[in-house]
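Enquirer: Got a sequence here, can you model it:
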Amino acid sequence: MSAPYYCTENNSYPLFYDGQIQPGLLYDLGTRILVSFIIPTVVSFGIMANGIFLFAVYRIRSMRNITNLYLVNLSIADLVFLITAGGKSIYQYLYYPYMDDTLSLGAAGCAIITAITYTSYFASIAIITLVSLERFYAVTQPLKHRLIHSHWRVAKLLIGSWVLALLLGALVTPGFSSLTVYCLAVPDEGEYANLPEMVGYCDAVGIWAKYLETCVQACPFFIALVGNFYLYIRIIRCLNKRFDNLDDDTNQSNTQPRSQAHATHIRNAVALMLIANGVIFFFCQFLARVLMLSQLMKLLVGLSIPEYCHYVLMILSRILLFVNASINPVIYNVTNARYRKATRQAFSCQTGSHGETSTTYTGPSKQRLVSTGYTEETQGVSNGLQPLQTSDIDTEV
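Expert: The predicted structure is shown next:
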């Protein structure tokens, strides 16, 4: 613990300011609702949702595909964030009267929790970006993608992502590795007589660490934001181009109504997944990064958001961060029938041998692939473009 180790009249700050408790010291109504109800509810739901998804992947053999390797790691990163960040907030509220009091953690506890939390944050960014890149190459360069697409390659990419996330988390940690302790002149009697005389907050080891922490948080996020949306636009354009050509051929021959309907369904499902996964992730993270940059602007040039606006935005940003870590399994099930079916089967007694499931497609232009559940179009496209294959775009996602 940082000095001072004990409190006297000479080193204590007043508990009251202008006849009121120092602002931001105790939980007010908004922060009480946030920490006592909203965060526990969202954290509990997120742990349950991610746990169900992981259980479904474990139980259903057809869910153990390359795409879901990424999503399993994303769920693990989300669970780590929910448990560490959510658990810390709930613990502080239950056992300490001062808001965000980390006195009991000490400097070492501040550093450890910061490193774990931000490692999960950077891992989520890296995995979301890897999923976007995989989809991009699967749609734009399907033949090349098939040649290089393997479990071993994905495993190496994921290991690299976690190592990079750990390194970035270590760079952020000095921004929260010091414990700043304040002594408070608590009255001997009255409503606040039982309040502790000391409160501690995780703080930067120096002003350089605060600048470094802000830059390391912001740069990967905004680079990934721009890069992912660029990939999404390219993928959607490629899908639209392919299906426009497929529609033209179908109108000329009028012999592929089922193929056209299935292709349209795949296009809509993939587009929806791209928009849902990417937009929701970056939307939920965006406000927290903006507030972080506003704090940097306050340090550098003295510009700041009005206090009440900052208070409301702070509460909203914390809610969005926890929602972001909880909502991915919901997206999978809402937008994809295969995930819904797998989730039901995971909790059913009739999952077949070792939980293996398969899907049979009917129609003259489909062939059944039992081991993966993928289907391929067997009819060519006369315009020279390769027909879109469900294996090209990983329709499980």
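
Enquirer: Tell me where this protein has strands.
Expert: 12-14, 16-17, 20-21, 178-185, 198-203 (DSSP state E).

Enquirer: And the third one, how far out from the chain middle?
Expert: Counting by CA atoms, centre = their mean, to the nearest Å, strand 20-21 is centred 38 Å from the centre of its parent chain.

Enquirer: The longest one now?
Expert: Taking the mean C-alpha point of strand 178-185 and that of its whole chain, the gap between them comes to 33 Å (CA atoms, centre = their mean).

Enquirer: next one: the first one
Expert: Strand 12-14 has its C-alpha centroid displaced from the chain centroid by 40 Å (CA atoms, centre = their mean).

Enquirer: Please renumber the chain so that the first residue is 10 from this point on.
Expert: Right, with 10 as the first residue, what we last looked at is strand 21-23.

Enquirer: Output the contacting helices and strands for it.
Expert: Applying 3 or more CB pairs under 8 Å, 6 or more residues apart in numbering; DSSP states H and E, one finds that strand 21-23 contacts strand 187-194. Backbone N, C-alpha and C define where each C-beta goes, glycine included.

Enquirer: still on that earlier bit, between the strands of the chain, which gets the lowest average pLDDT?
Expert: Set side by side, those give their lowest mean pLDDT on strand 25-26, at a mean of 74.

Enquirer: Give me the residues contacting that strand.
Expert: Defining contact as CB atoms under 8 Å, 6 or more residues apart in numbering, one finds that strand 25-26 is touched by 31-32.

Enquirer: ok, 10 Å please
Expert: Outside strand 25-26, the residues that touch it by CB atoms under 10 Å, 6 or more residues apart in numbering are 31-32, 34, 193-194, 196, 201.

Enquirer: Now neighbour count and distance to Ala147 too, for those residues, in JSON lines please.
Expert: Putting the contacts of strand 25-26 into JSON lines (neighbours: other CB atoms under 10 Å; distance: CB to CB, whole Å) gives the following:
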{"residue": "Gln31", "neighbour count": "16", "distance to Ala147": "56"}
{"residue": "Pro32", "neighbour count": "11", "distance to Ala147": "52"}
{"residue": "Leu34", "neighbour count": "20", "distance to Ala147": "53"}
{"residue": "Leu193", "neighbour count": "19", "distance to Ala147": "59"}
{"residue": "Ala194", "neighbour count": "13", "distance to Ala147": "64"}
{"residue": "Pro196", "neighbour count": "11", "distance to Ala147": "66"}
{"residue": "Tyr201", "neighbour count": "14", "distance to Ala147": "61"}
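
Enquirer: Go through those residues and say which is closest to Gln304.
Expert: The nearest member of these to Gln304, counting by CB to CB, is Pro32 at 16.7 Å.

Enquirer: Report the contact partners of that closest one.
Expert: Residues near Pro32 by CB under 10 Å, 6+ apart: 26, 316, 320.

Enquirer: roughly how far apart are it and Glu316?
Expert: Distance, Pro32 to Glu316, using CB to CB, to the nearest Å: 8 Å.

Enquirer: Give me the below-cutoff pLDDT ranges for the stretch 110-259 of the chain.
Expert: Residues of the stretch 110-259 of the chain meeting the criterion pLDDT under 70: 251-259.

Enquirer: That one: helices as residue ranges?
Expert: In the stretch 110-259 of the chain, the helices defined using DSSP state H, counting those that start in this stretch lie at 115-149, 151-157, 160-181, 216-262.

Enquirer: Compute the number of surrounding residues for Tyr241.
Expert: 19 (other CB atoms under 10 Å).

Enquirer: Quick check, it in contact with Asn286.
Expert: Yes - contact criterion CB atoms under 10 Å: Tyr241 and Asn286 qualify, at 9.3 Å.

Enquirer: Which neighbours do those two have in common?
Expert: Common neighbours of Tyr241 and Asn286 (CB under 10 Å, 6+ apart) are 141, 144.

Enquirer: hang on, the earlier thing: buried members of the contacts of Pro32 into ChimeraX, please.
Expert: The ChimeraX selection below is limited to those of the contacts of Pro32 classed as buried (16 or more other CB atoms under 10 Å):
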select :320
